[in-house]
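1. For reference, the sequence and a predicted model appear below.
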Amino acid sequence: MTAAAPTATARPTTGPTAPDDFVALRTVDRTILQEMRYFTPHNFVGERIDGYRQPLCILTRPAAEALHRAQTKLLRQGYTLKVYDCYRPQRAVDHFVRWAKDLDDQAMKDEFYPRVDKTRLFADGYIAEKSGHSRGSTVDLTIVKLPAKPTGPYVPGRTLAPCYAPQDERSPDNSVDMGTAFDCFDTLSHTLDPRVQGEQRANRLLLKNTLEALGFVNLAEEWWHFTYKPEPYPDTYFDFPVSAKSLSHGH
Ligand SMILES: C[C@@H](N)C(=O)N[C@H](C)C(=O)O
Ligand SMILES: [Zn+2]
């Protein structure tokens, strides 16, 4: 008798895989938008980051369910959440660390960190060598007004506008105006920076207040970065790849 062929979503027989309580966000909430930037070249490194094999948001189940509750509240107000990054393998963080040491590579500086010296990105709190994302309950996200407009294409090599420029000059993003773009490493991205007022501040507070009411804690340096508490894995930094194959249910 011949053995059954493995299915496309079979778990790998070698390499790290996720514990059973990690899920693909889309299996918990199909309406939350996903723009997984580290799978694409549109990020501060300028290329796909190690460990991102699929454009997939993976989170611990409690964090995913809390996001679903936040989404339910926002949908009633005419908004949707959009995630940029979720679970991040340690090998991706290691890629960031390697990139940071290469001071000759400043290809994305003009967009993502125009006013910060590359040597300061970790010290100033914008990137972590041990990231909460690797523990599975941290997410980078924004709010989009409904009906969501499509985000224009990212064209590598096009002249980069600073991430703190007026929204219509920045790289295309259908996010509401948060005063800066995602992953804008600049003091203007500090969530409560007093220079951010009016509609931009109201948008940041809508995201912060909605998520904090459901158990998330914001990182003061980044309006987009939130960790769900209590974390199921407060001390574990996982390294399984971002792929459906890493998950026990395979989707
Ligand atoms: C890199 C950025 N998106 C982020 O998540 N920064 C925090 C500090 C982290 O790396 O955990
Ligand atoms: Zn983050």
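-> Looks like it came in fine. Ligands and ions are numbered 1, 2, ... in the order given.
2. contacts and neighbour counts: CA atoms only from here.
-> Noted.
3. so how far is the first residue of stretch 23-39 from its last?
-> Terminal residues of stretch 23-39 lie 18 Å apart, using Cα to Cα, to the nearest Å.
4. does ligand 1 sit close to that stretch?
-> No. In terms of Cα under 6 Å from any ligand atom, no part of stretch 23-39 sits within range of ligand 1; the closest distance is 9.3 Å.
5. I'd like to know the average pLDDT value across that stretch.
-> Stretch 23-39 shows a mean pLDDT of 98 in the predicted model.
6. Point me to the residue of the stretch 151-251 of the chain nearest ligand 1.
-> As assessed by Cα to the nearest ligand atom, ligand 1 sits closest to residue 183 within the stretch 151-251 of the chain, at 5.4 Å.
7. That residue: what's it in contact with?
-> Under the criterion of Cα atoms under 8 Å, 6 or more residues apart in numbering, the neighbours of residue 183 are 43-44, 112, 222.
8. again with residue 191
-> Applying Cα under 8 Å, 6+ apart, we find residue 191 in contact with 204, 219-223.
9. what does residue 41 give?
-> Each residue near residue 41 by Cα under 8 Å, 6+ apart is listed here: 47-48, 156.
10. So which of those residues sits lowest on pLDDT?
-> pLDDT across the contacts of residue 41 is at its lowest for residue 156, which sits at 86.
11. can you map out the helices along the stretch 51-200 of the chain?
-> Ranges of helices within the stretch 51-200 of the chain are 61-76, 90-101, 109-112, 198-212, based on DSSP state H, counting those that start in this stretch.
12. Cool, thanks, talk later.
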